[in-house]
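Visitor: Have a look; sequence and predicted model below, questions after that.
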Amino acid sequence: MSAPKVTVVTIGSPAARAGVEAGDDLVSMNGRVPRDVIEYQQLADADELDLVVRRHGSDQLVPVRKSAGHPLGLQVSSAVFDRVRTCDNHCPFCFIYQLPKGMRRSLYLKDDDYRLSFLYGNFTTLTRFTELDAERVLEERLGPLFVSIHATDPDVRSTMLRNPKGATSLRWLGILLEGGIEIHGQIVLCPGINDGPVLEDTLVGILDRFPRLSTVGVVPLGLSRYSQEPSMRPHTTAEARAVCDTVTAWQARYTAVLGRRLVYASDEYYLLAGRDLPVVEEYDGFPQHENGIGMVRAFERAFHGDDGAAHGVRHGFFSWVDGAPAEGYRAPRVAAGVRERVRGDGRPVTVLTGSYGAQVLEPLLAGRPVEVLAVDNDFFGGTIGVAGLLTGADISRALADRDASRRYLLPDACLSEGRFLDGATVDDLPLAVEVVPSDGRSLREALDGTP
């Protein structure tokens, strides 16, 4: 187990007053070695806290005195201090297997750790879940969790995961639900494998075995040009329409039996099918917003000035955690130092987005003197059309030979800590762009020139 490194010490905090410094390794807390930031927070809540920190190779005792529950005032370098539990599945639809070589090492980490599910909303298959894990989750009430179901038929699920544990690991889902843990499920549909009758069977299985699930999202597999799996292919329009119809029918059945819709199809299915998306009210507060379900309606609602809807599950841990680093989609999008762009100065505007985003923005911005530029994702190719997977290379290509006198707006979803997936930065682009938060209100304010 490696000690987490202190990355930030809040000025004036109990830790700062006690003498903890950025760069210290946090060795123990009140004699215990925390496994992760969850246990760290539990220990940090104490009023009397003896820290052992390692500084320049030497261990030092640092007593901290504060009010119980008061923030310690530290940020640490990682969320998991022991080894991240990596995934032992070999799913043919896994996007990590579809990445080109030479990208940042962190992008190739394939985790299946329930703690990262709790902390960041990552989906876990539970194939590496144990009885000790179940005891901890139930005792500490570690929810919500996010579980990849894919199929309830044991043979289909183990085949999809390419792991015999896939046939039995959903028993943990039942145990956690019986214990009152909030869990949201996901079904990644692969055409010809777990759609059609298998999807129907899965939705029957959920009603029979897992009716306590909070929500279930049905999403399509993403295929890049680097996929080496011949059995994986894109959905046809007819298949996308069938998925929409199946989900609608099962929402009615679940409502009749459970009093709630339970299952939702991703926005991408409606775009693929050429169908109108459900109205705002049918998303029930957007519980799977981060999973691409209801994003369009939430965006439209915010663009028109109504921010009343909750966007996604609010992870309770992050309303009070002291010390956890932001990771994944919670990481800061724009790094410090990205230069400010002029807003609302009368120049014509071009909004950069992916091919799916263009389908949403073009009707939304109709009547405004705004150009929507759909950027083709040549870097990944395949079916990848979301703005969040655009790279600096693709955006640079789209901006080549464009009019430099225009304002170019770029959604921050394609950045993480100021970098695109290919490692490029905003300053590497051939023209100046204005990075705008990826919500409807921010886009409207950027277009209208209001803060």
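Guide: Yep, it's here. Numbers count the residues shown, from 1 in each chain.
Visitor: Tell me which residues are up against stretch 45-58.
Guide: Counting by C-beta atoms under 8 Å, 6 or more residues apart in numbering, stretch 45-58 makes contact with 3, 6, 15, 18, 20-21, 23-31, 43, 59-70, 72, all of which sit outside it. All C-beta atoms are positioned from the backbone trio N, CA, C, and that covers glycine.
Visitor: Now find how far off-centre it is within its chain.
Guide: Here stretch 45-58 is found 33 Å from its chain centre; the criterion is C-alpha atoms, centre = their mean, to the nearest Å.
Visitor: Using the three-state scheme, assign the residue nearest to E282 when sequence neighbours are not counted.
Guide: Using C-beta to C-beta, 6 or more residues apart in numbering and skipping the chain neighbours, the partner closest in space to E282 is R261 (7.1 Å). For R261, the assignment made with DSSP: H, G, I helix; E, B strand; the rest coil gives coil.
Visitor: R261 contacts Y254, doesn't it?
Guide: Yes: in this structure, R261 is within contact of Y254 by C-beta atoms under 8 Å, at 5.9 Å.
Visitor: hmm, back to that, residues contacting the residue nearest to E282?
Guide: R261 touches 251, 254-255, 282, 284, counting by C-beta under 8 Å, 6+ apart.
Visitor: and those, which are buried?
Guide: Buried residues within those, counting neighbours by 16 or more other C-beta atoms under 10 Å: 251, 254, 284.
Visitor: Using TSV, lay out the residues you listed together with secondary structure and pLDDT.
Guide: Below are those laid out as TSV (DSSP: H, G, I helix; E, B strand; the rest coil; pLDDT from 0 to 100):
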residue	secondary structure	pLDDT
Q251	helix	98
Y254	helix	98
D284	coil	94
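Visitor: And the residues you listed, which is closest to P164?
Guide: Taking C-beta to C-beta as the measure, P164 sits nearest to Y254 out of the buried ones among the contacts of R261, at 30.5 Å.
Visitor: And the closest residue to the closest one other than its chain neighbours, what's its pLDDT?
Guide: Among residues not flanking Y254 along the chain, L262 sits closest, at 4.2 Å (C-beta to C-beta, 6+ apart). Note on L262: pLDDT of 98.
Visitor: Does L262 touch R253 like I think?
Guide: No: with contact defined as C-beta under 8 Å, L262 does not reach R253; the gap is 9.2 Å.
Visitor: ok, these two, which is more surrounded?
Guide: L262 (23 against 15; other C-beta atoms under 10 Å).
Visitor: which ones are touching the residue nearest to Y254?
Guide: 206, 213, 215-216, 250-251, 254.
Visitor: do the same with P411
Guide: Contact analysis of P411 by C-beta under 8 Å, 6+ apart lists 352-353, 357, 387-388, 435-438.
Visitor: tally of neighbours for the nearest residue to E39 once chain neighbours are set aside?
Guide: Using C-beta to C-beta, 6+ apart and skipping residues adjacent in sequence, the residue nearest E39 is R32, 7.8 Å away. Neighbourhood size, R32 [other C-beta under 10 Å]: 11.
Visitor: Quick check: bridge partners of R32?
Guide: Beta bridges link R32 to M29, judged by DSSP bridges.
Visitor: Hmm, it is touching L43, no?
Guide: Yes: taking contacts as C-beta under 8 Å, R32 lies within contact range of L43: 6.2 Å.
Visitor: all strands of the stretch 1-150 of the chain, in order?
Guide: Residue ranges of the strands in the stretch 1-150 of the chain, as given by DSSP state E, counting those that start in this stretch, are 6-9, 25-29, 48-55, 58-65, 74-76, 145-148.
Visitor: okay, these, which one's buried deepest?
Guide: Most buried of the strands of the stretch 1-150 of the chain by mean neighbour count (mean count of other C-beta atoms under 10 Å) is strand 145-148; its value is a mean of 25.
Visitor: So which elements touch it?
Guide: helix 114-120, strand 183-189 (3 or more C-beta pairs under 8 Å, 6 or more residues apart in numbering; DSSP states H and E).
Visitor: Let me have these in TSV, extended by mean neighbour count.
Guide: Below are the helices and strands packed on strand 145-148 laid out as TSV (neighbours: other C-beta atoms under 10 Å):
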stretch	mean neighbour count
helix 114-120	24
strand 183-189	23
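Visitor: For L410, find the nearest of the ones you listed.
Guide: The nearest among those, by C-beta to C-beta, is helix 114-120 at 24.3 Å.
Visitor: contacting residues around D376?
Guide: Residues in contact with D376 (C-beta under 8 Å, 6+ apart) are 355, 394, 398.
Visitor: What pLDDT is listed against the second one?
Guide: Translated: D394. pLDDT recorded at D394 is 96.
Visitor: which residues sit in contact with it?
Guide: Counting by C-beta under 8 Å, 6+ apart, D394 touches 375-379.
Visitor: And those, which is closest to D201?
Guide: D201 has its nearest neighbour among the contacts of D394 in N377, at 33.7 Å by C-beta to C-beta.
Visitor: Next, give phi and psi for the residue nearest to P154 when sequence neighbours are not counted.
Guide: Sequence neighbours aside, A167 is the residue nearest to P154 in space, at 3.6 Å (criterion: C-beta to C-beta, 6+ apart). Per-residue torsions, A167: phi -70, psi -20 (degrees, to the nearest 10).
Visitor: Over to H56?
Guide: Dihedral angles for H56 - degrees, to the nearest 10 - are phi 50, psi 40.
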